[in-house]
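# Give me a 3D structure for the following:
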Amino acid sequence: MTGTAPSLRHFVDLLTAREDVVEIREPVSAEHEIAAHLAQTDPGPAMLFTDVVGATMPVVGNVLGTLDRVALALGSTVAEIQDRMMAAILADDPVVVVDEGPSQQVVRDADLSALPIPTFFEHEGGPYITAGVIIARDPVTGAANASFARVRPLDATTAMVGIAPNHHLQQMAERSPDGRLDIAVVIGAHPAVQLAACLYLALGDDELRHAQSLLGEPLRMVRATSIDVLVPAEAEIVLEGTLDIGTTVEEGPVSEYHGMYETYGRAATARFTVMTTRRDPWFQAVLPGWHREHVYLGAIPIAAGLRAAIARSIPTVGEVAVTEGGAGRLAAVIALRNPRPGQGKQVMMAAWGSLSMLKQVTVVDDDIDVWDAVHVEWARVTRCVVETDVVIVPSARTDRSEPLEVGGTVTKIGFDAVADPRARPGGFVRAEPPAHVMEKVSTAGAPVLRATSEGAGA
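Sure thing, here's the model as predicted:
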């Protein structure tokens with residue numbers, strides 16, 4: 001461990017102090033065994049594999065596998081996560097450039113075979129780097145960009161890079177005369193940097209300038225050794241190379257956030273020339289597919305970005321959840337403060353217009369906990385009048401990753417679960433003890449009886 005600088009290691013130290021890390025000391029194979037451990041532990045503690053067969057470095061995974069750990073990474077409570085993400089979207093602070101950092105303690109020729117890259121799932125074509133933040137600069141504007149994409153090694157120096165046609169990396173590479181773009185793949189950055197890289201921002205908006213707000217202090221960056229990009233000074237491993245969208249390979253089946261396989265066809269490649277690391281680097285793995293860390297890395301930034309987008313036209317929008325059941329991408333619950341008639345449907349349209357992959361939207365009053373699936377279902381069954389409040393939009397545009405898309409479209413559905421006094425003459429007041437008595441009992445710290453296997457209150 002090194003000091004207290006904000007880094008992946010420091011964060012794992014915090015988890016260790018909370019007894020939220022399991023260390024696996026017996027030998028494990030990077031081929032499926034690490035993935036099996038992570039899958040069976042999900043959504044349990046973070047895992048540190050200290051003896052990976054044939055490797056010289058440990059592997060850490062499931063780092064952000066719970067909302068509590070996300071909150072810890074941001075120095076917040078779970079209830080404050082979205083406010084922190086919203087503040088980060090509004091922030092725009094220059095990063096701090098330093099002359100040296102731990103991520104460049106060792107500089108060597110790139111060798112992907114030296115990394116303990118896990119093979120995750122049965123039908124995928126090989127191992128994938130899944131925790132690599134890819135940093136690049138627009139060849140026209142010079143603006144930086146940070147994002148995630150799956151990277152699968154093809155040999156010691158080349159890899160397949162899975163990027164969608166609307167991915168900013170693809171767009172920046174297309175602006176280059178030869179379709180090539182220098183990139184740095186950063187493995188083991190602080191979790192705040194990883195969350196910032198998942199923000200849905202406009203092309204030209206540098207995610208790393210927003211990462212400092214999440215980090216809570218200046219983000220230290222160093223210049224890459226062979227390309228013109230800045231990389232986090234505290235990272236574990238950095239691969240420096242060039243993306244080439246003109247040289248492609250067939251990827252085959254790959255796991256997606258919805259938990260199934262997709263086949264996207266041919267994918268771009270990259271050639272790496274330099275690898276910089278700490279003296280004793282750790283390799284980080286994010287278990288992809290429909291698993292908690294992958295879900296949260298998408299859902300939390302997407303929810304904040306969705307709220308910010310809707311608020312531009314509907315300022316009374318409240319908390320937004322992009323749900324676990326919707327795989328962190330496909331379903332959202334959106335709260336409204338003092339909604340006016342018809343505003344629930346207006347929110348649906350704004351949400352679908354902002355995020356094409358979003359398929360199901362439920363709009364509720366702000367007395368509903370949008371992150372609580374039971375509360376949301378209660379609102380749907382008690383406040384949503386099916387014949388007037390369910391909106392179905394056939395053949396709406398969607399993302400290629402949508403599991404049921406046909407020709408780039410899918411039918412979308414919205415539930416206006418906002419309480420409309422006209423729908424229920426008796427009103428929607430919930431039956432509860434008087435507020436002042438609830439407050440008195442809460443303040444007094446009255447004991448709560450819980451049922452046990454030996455009987456109630458035992």
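# C-alpha only now, for contacts and for neighbours.
Will do.
# Spit out the contact partners of I117.
30, 127-129, 283, 285 (C-alpha atoms under 8 Å, 6 or more residues apart in numbering).
# if we take those, which one ends up nearest to D13?
Closest approach between the contacts of I117 and D13, by C-alpha to C-alpha: F283, at 15.7 Å.
# Was I right to think V274 contacts V106?
No - using C-alpha atoms under 8 Å, V274 makes no contact with V106, being 10.4 Å away.
# These two: which is more packed in?
V274 (20 against 14; other C-alpha atoms under 10 Å).
# The stretch 251-400 of the chain: helices as residue ranges?
Assigned by DSSP state H, counting those that start in this stretch, the stretch 251-400 of the chain shows helices spanning 292-311, 343-354, 373-383, 386-389.
# Including distance to V53, could the ones you listed go into a markdown table?
Formatted as a markdown table, the helices of the stretch 251-400 of the chain follow (distance: least, C-alpha to C-alpha, whole Å):
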| stretch | distance to V53 |
| --- | --- |
| helix 292-311 | 24 |
| helix 343-354 | 45 |
| helix 373-383 | 41 |
| helix 386-389 | 56 |
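# and among those helices, the most buried is which?
helix 292-311 (a mean of 23; mean count of other C-alpha atoms under 10 Å).
# which residue is nearest the centroid of the protein?
The C-alpha lying nearest the average C-alpha coordinate of the chain belongs to L297 (C-alpha atoms, centre = their mean; 1.4 Å).
# Contacts only, for that residue.
Contacts for L297 (C-alpha under 8 Å, 6+ apart) come out as 64, 194-195, 198.
# H168 now?
Taking C-alpha under 8 Å, 6+ apart, we find H168 in contact with 145, 203.
# Please report phi then psi for it.
phi -60, psi -30 (degrees, to the nearest 10).
# For the helices of the stretch 251-400 of the chain, give me TSV that also has mean pLDDT and distance to V98.
As requested, the helices of the stretch 251-400 of the chain are exported to TSV (pLDDT from 0 to 100; distance: least, C-alpha to C-alpha, whole Å):
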stretch	mean pLDDT	distance to V98
helix 292-311	96	28
helix 343-354	97	37
helix 373-383	96	45
helix 386-389	96	55
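# Does L195 fall in a helix, a strand, or a coil region?
Of the three states, L195 takes helix under DSSP: H, G, I helix; E, B strand; the rest coil.
# go on, Q171?
Classification of Q171 by three-state DSSP places it in helix.
# quick one: it and V193, what's the gap?
Distance, Q171 to V193, by C-alpha to C-alpha, to the nearest Å: 22 Å.
# Top of the contacts of L297 by number of neighbours, please.
Busiest of these [other C-alpha under 10 Å] is L195, holding 28 neighbours.
# Who's the closest spatial neighbour of that residue, skipping the chain neighbours?
L297 (6.0 Å; C-alpha to C-alpha, 6 or more residues apart in numbering).
# if we can go back for a sec, and the contacts of I117, which of them are in strands?
Per DSSP state E, strands hold the following members of these: 283, 285.
# filter the contacts of I117 to the buried ones?
Buried members of those, counted by 16 or more other C-alpha atoms under 10 Å: 30, 127-129, 283, 285.
# Please identify which of Q171 and V193 sits among more neighbours.
Ranked by neighbour count (other C-alpha under 10 Å), Q171 and V193 place V193 first, with 27 against 15.
# Give the full set of residues in contact with the closest residue to that one other than its chain neighbours.
Closest residue to V193 apart from its sequence neighbours, by C-alpha to C-alpha, 6+ apart: A211 at 5.4 Å. Contacts for A211 (C-alpha under 8 Å, 6+ apart) come out as 88, 192-193, 195-197, 219.
# Need those in TSV (columns: distance to D51).
Formatted as TSV, the contacts of A211 follow (distance: C-alpha to C-alpha, whole Å):
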residue	distance to D51
A88	37
A192	27
V193	27
L195	28
A196	31
A197	30
L219	31
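# For P339, state which of those is nearest.
Among the contacts of A211, A88 lies closest to P339 (C-alpha to C-alpha), at 26.8 Å.
# wouldn't that closest one be in contact with S213 here?
Yes - at 5.0 Å, A88 counts as touching S213 under the criterion of C-alpha under 8 Å.
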